[in-house]
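1. build me a model:
(one chain, ligands or ions: 1)
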Amino acid sequence: MDEASLDSVLLTVPLSSPLHPKASMPFLKGYITQKGFRSKIFDTNILFFNWMLKDQDFDIHNKKYIDNPVSLLGLYNQIEDSLTEACSAYRGLGVDLRTINFAYNRTYFKEVIKAIKDADANPMIKFYNEFIETELLHLNPKIVCIGVTFQDNIIAAFTLADRVREKLPSAKIVFGGQIITRCYDKMLADSFLKHLWDYLALWDGELPLLDIHNRVVNSSREPMRNVISQNTDNDTDNGFDLTGRQHGVFDLNETIRPDFDDIDFDAYFFPEMLIPLQTARGCYGSCEFCAIPSGSNFGFRERSVEKLIDDIKYIQELTQKKYGKKATYFKFMDDTSSPRTLFSLAQQIIENGLDAKWETYVRMETPFQELENMELLFQGGCRKLMWGLETNDPQVLKNMNKKVKHISTNKVLDASYEAGILNFVFVLLGFPGETDEQRTNLVDFIAGKESINVLTVATFDVTKHSPMQSSLMDGNTWNLDCEMPKDFEVRLIYTLDGENWKKKIVSYAQKFMLDVTKKRPDIALVSLFPDQVRGILTEKHNNKWGETFLKDFGEENLKKMLQATEGYIDIFANSESGEMELSYLPDPIKREHFRTKDDIQAISKAIARRRRYEIKRGDSI
Ligand code: SF4
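-> The predicted structure is shown next:
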């Protein structure tokens, strides 16, 4: 490609897992390229990790790490130690393999604005200055597209935009991704960040990006779909309906193939290549607490099995040519995959004689109860399934609207395990109305269920745009009191029965994990590994590798982990924000710590604010 004539660059920003690239940009590039535009992907997430680590060589592609998972765990600890050391040069910075923490709260526009100018606290300023100088200036792209999928991406994304404005002033800046789709209303209502973007691309990125390319590159005056424009080109797009989505739905089969040509798989922190693909977007469920169905375009849409097989073949050819070996492990970055597509895909993988292993996210569905169906999935490459279990209590499941009335969770998990698949379950604690007894029963259920290999525990949130949040607008039967979301908040500040339920339920969740890990050391061991490696380890060592490698991990290490967990729980219970030792904690506890720490502080402040108001009101009466 003649890079000097690039139309756009597509950029993923820190922080997400450095173990593999994301699927979004290769799919977008595939679509934009087939429409005749010239585009290039930069995964600045992995570039940032390597920049922070000064390109240290961890010998990460050595096969010994796959053969001995305990040494892999040691390697990740070593990388995290090096990251901690690199962070010490910046005020209030914390980076590990899963999360980033700044001295500033990424959720609020005012804080983001401060963060993008504070070079003592924000390494992204220096990183992006260098990146733009070496990689972007000579390309002089007309459009710079920045994906903001997680809250952890926010400060990096706006720092990048700020640097692009200074160094490439003629480039049009486009923001897209889940966070933008969920928070564009707040971005429009406030002027803080407006100077840092030209277009917002909402919901599925393909159609809006195509229209923006046509507008900027070809000077088209056609109306743009699902785009918010700053009117910098005397746009006439003033008719955007802020409450709805324009022009229906993007058909996933319109993309001939995703384009991974720009991805350097050698750069990722994993001994093997882990390839992200998509079988579907959206979800056909409507769980009360979940905003996923509203984050994508209308409806649940799937890519055809024929196209999925083509995607696998193309990637295997590409990696064989580029790296001298075929990529064989795929992760479907779906919100939910349907049983029908998975069965058909497995059948086609077998019939095509492909060496392709994969993992994905699934709902509890009736066909998964049958052993022969799960054996078909295993033979057709499935090595790990991530199940939305939430709880085993029928009443709580009904309240959540999980729609699993006629399904036996036991049968599903047992059939999957027996077939050789690693079962990862999502547990959600603290849904309103859930009792202590129901939570205790859940600990016993999980600890006694051999077919559960690993779990993650999330605590109840009122999520922006979830069915529950919409119904709260007209009062509610849950006794929930919520504040309207501000800025980049996607979880509402709430109290339940007037108390800080979040703080309480996070404490329950820690205790829950401790109880499970005490009873199930194999779950404890598997939970220490980054999620991305668990499926590949299943392929190499079968789905019982947690038990197999327990003895190599050593009793002493296990004791340390349990002690660290207990110590953490004590500190958490007695302080709102104290510094805590997080190494040696199981992943679900660490993850929930970072996910909720800002929320818990915000809720405490909200309660204090409410009390002050009530006292003042009482005084004035
Ligand atoms: S929780 Fe899972 S099944 Fe329910 S709506 Fe969300 S993605 Fe779908």
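2. which parts of this protein sit against the ligand?
-> 283, 285-287, 290, 292-293, 335-336, 363, 388 (CB under 6 Å from any ligand atom). Bear in mind the C-beta positions are built from the backbone N, C-alpha and C, glycine included.
3. any weak-confidence spans in the stretch 501-621 of the chain?
-> 573-621 (pLDDT under 70).
4. on that earlier part again, mind listing which of the residues of the chain next to the ligand are in strands?
-> In this view, the residues of the chain next to the ligand that belong to strands under DSSP state E are G388.
5. which one of the residues of the chain next to the ligand is nearest K503?
-> Distance to K503 across the residues of the chain next to the ligand (CB to CB) is lowest for C290, with 22.4 Å.
6. how close does that closest one sit to P276?
-> Relative to P276, C290 is positioned 21 Å away (CB to CB, to the nearest Å).
7. and these two? which has more neighbours close in?
-> Between C290 and P276, counting by other CB atoms under 10 Å, C290 is the more crowded of the two (24 against 20).
8. the more buried one contacts S466, correct?
-> Yes - the criterion here is CB atoms under 8 Å, and C290 meets it with S466 at 5.7 Å.
9. ok, for N479, nearest residue in space, not its chain neighbours?
-> Excluding the flanking residues, the one nearest N479 by CB to CB, 6 or more residues apart in numbering is D497, at 4.9 Å.
10. surely the one you found and G433 touch.
-> No - between D497 and G433 there is no contact under CB under 8 Å: 10.8 Å.
11. list the buried ones in stretch 407-423?
-> By 16 or more other CB atoms under 10 Å, the buried positions in stretch 407-423 come out as 407, 409, 411-417, 419-423.
12. revised request: answer the last question for stretch 541-559.
-> 541, 543, 545-547, 549-550, 553, 557-558.
13. and G475, what pLDDT?
-> Per-residue confidence (pLDDT) for G475: 66.
14. one more: the one 10 residues further on?
-> According to the prediction, P485 has pLDDT 92.
15. try D67
-> The model's pLDDT for D67 equals 89.
16. identify the residue nearest it in space, chain neighbours excluded?
-> Leaving aside its chain neighbours, D67 sits nearest to K540 (7.4 Å; criterion: CB to CB, 6+ apart).
17. what is the neighbour count of that neighbour?
-> K540: 13 neighbours (other CB under 10 Å).
18. correct me, but it touches N68?
-> No - with contact defined as CB under 8 Å, K540 does not reach N68; the gap is 10.3 Å.
19. list the contacts of F529.
-> 69, 72-73, 76, 537, 587 (CB atoms under 8 Å, 6 or more residues apart in numbering).
20. please repeat the previous calculation with a cut-off of 10 Å.
-> 69-70, 72-73, 76, 454, 537, 545-546, 549, 586-587 (CB atoms under 10 Å, 6 or more residues apart in numbering).
21. now, which of these lie within helices?
-> Using DSSP state H, the subset of the contacts of F529 located in helices is 69-70, 72-73, 76, 537, 545-546, 587.
22. in a markdown table, list these along with distance to D393.
-> Below are those laid out as a markdown table (distance: CB to CB, whole Å):
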| residue | distance to D393 |
| --- | --- |
| P69 | 34 |
| V70 | 36 |
| L72 | 36 |
| L73 | 34 |
| Y76 | 35 |
| L537 | 31 |
| W545 | 30 |
| G546 | 26 |
| D587 | 25 |
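23. how about the stretch 401-550 of the chain: which residue is closest to the ligand?
-> When scored by CB to the nearest ligand atom, the stretch 401-550 of the chain has K402 as its residue closest to the ligand, at 6.7 Å.
24. what's the separation between that residue and G285?
-> In terms of CB to CB, K402 sits 7 Å off from G285.
25. looking at those two, which is more packed in?
-> Set K402 next to G285 and count neighbours by other CB under 10 Å: K402 wins out with 24 against 18.
26. what residue ranges in the stretch 251-400 of the chain score low on pLDDT?
-> In the stretch 251-400 of the chain (pLDDT under 70), the answer is 297.
27. dump the buried residues of stretch 541-559 to JSON lines, plus distance to I100.
-> Formatted as JSON lines, those follow (distance: CB to CB, whole Å):
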{"residue": "H541", "distance to I100": "31"}
{"residue": "N543", "distance to I100": "32"}
{"residue": "W545", "distance to I100": "30"}
{"residue": "G546", "distance to I100": "28"}
{"residue": "E547", "distance to I100": "34"}
{"residue": "F549", "distance to I100": "30"}
{"residue": "L550", "distance to I100": "31"}
{"residue": "F553", "distance to I100": "28"}
{"residue": "N557", "distance to I100": "27"}
{"residue": "L558", "distance to I100": "29"}
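28. out of those, who's nearest A356?
-> N543 (17.9 Å).
29. test my guess that the closest one contacts I421.
-> Yes - the criterion here is CB atoms under 10 Å, and N543 meets it with I421 at 6.1 Å.
30. between those two, which contacts overlap?
-> With CB under 10 Å, 6+ apart, N543 and I421 have common neighbours 378, 383-384, 451, 453, 535.
31. pLDDT score for the nearest residue to A171 once chain neighbours are set aside?
-> Excluding the flanking residues, the one nearest A171 by CB to CB, 6+ apart is V144, at 4.9 Å. With respect to pLDDT, V144 has a value of 98.
32. touching, V144 and F131? I think so.
-> No - V144 lies out of contact with F131 (CB under 10 Å); the separation is 11.7 Å.
33. need the contact list for the nearest residue to L413 once chain neighbours are set aside.
-> Residue nearest to L413 in three dimensions, not counting chain neighbours: S451, with 4.3 Å by CB to CB, 6+ apart. Listed by CB under 10 Å, 6+ apart, the contact partners of S451 are 410-418, 421, 423, 425, 543.
34. for stretch 402-411, measure first residue to last.
-> In stretch 402-411, first residue to last residue: 17 Å (CA to CA, to the nearest Å).
35. how about stretch 424-444: buried residues?
-> For stretch 424-444, burial by neighbour count (16+ other CB under 10 Å) applies to 424-425, 427-432, 434, 438-439, 442-443.
36. same thing with stretch 307-323?
-> Buried residues in stretch 307-323 (16+ other CB under 10 Å): 307-309, 311-312, 314-316, 318-319.
37. could you dump it to PDB, C-alpha only?
-> C-alpha atoms of stretch 307-323 as PDB (Å, rounded to 0.1, in the frame of the first residue of the first chain):
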ATOM      1  CA  LYS A 307     -17.900 -16.600   6.400                       C
ATOM      2  CA  LEU A 308     -16.500 -17.800   9.800                       C
ATOM      3  CA  ILE A 309     -14.800 -20.700   8.100                       C
ATOM      4  CA  ASP A 310     -13.300 -18.300   5.500                       C
ATOM      5  CA  ASP A 311     -12.100 -16.000   8.300                       C
ATOM      6  CA  ILE A 312     -10.300 -18.900  10.000                       C
ATOM      7  CA  LYS A 313      -8.700 -20.100   6.700                       C
ATOM      8  CA  TYR A 314      -7.600 -16.500   5.800                       C
ATOM      9  CA  ILE A 315      -5.900 -16.000   9.200                       C
ATOM     10  CA  GLN A 316      -4.200 -19.400   9.000                       C
ATOM     11  CA  GLU A 317      -2.800 -18.600   5.600                       C
ATOM     12  CA  LEU A 318      -1.700 -15.100   6.700                       C
ATOM     13  CA  THR A 319       0.000 -16.300   9.900                       C
ATOM     14  CA  GLN A 320       1.700 -19.200   8.000                       C
ATOM     15  CA  LYS A 321       3.100 -16.800   5.500                       C
ATOM     16  CA  LYS A 322       4.100 -14.100   8.000                       C
ATOM     17  CA  TYR A 323       5.300 -16.200  11.000                       C
END
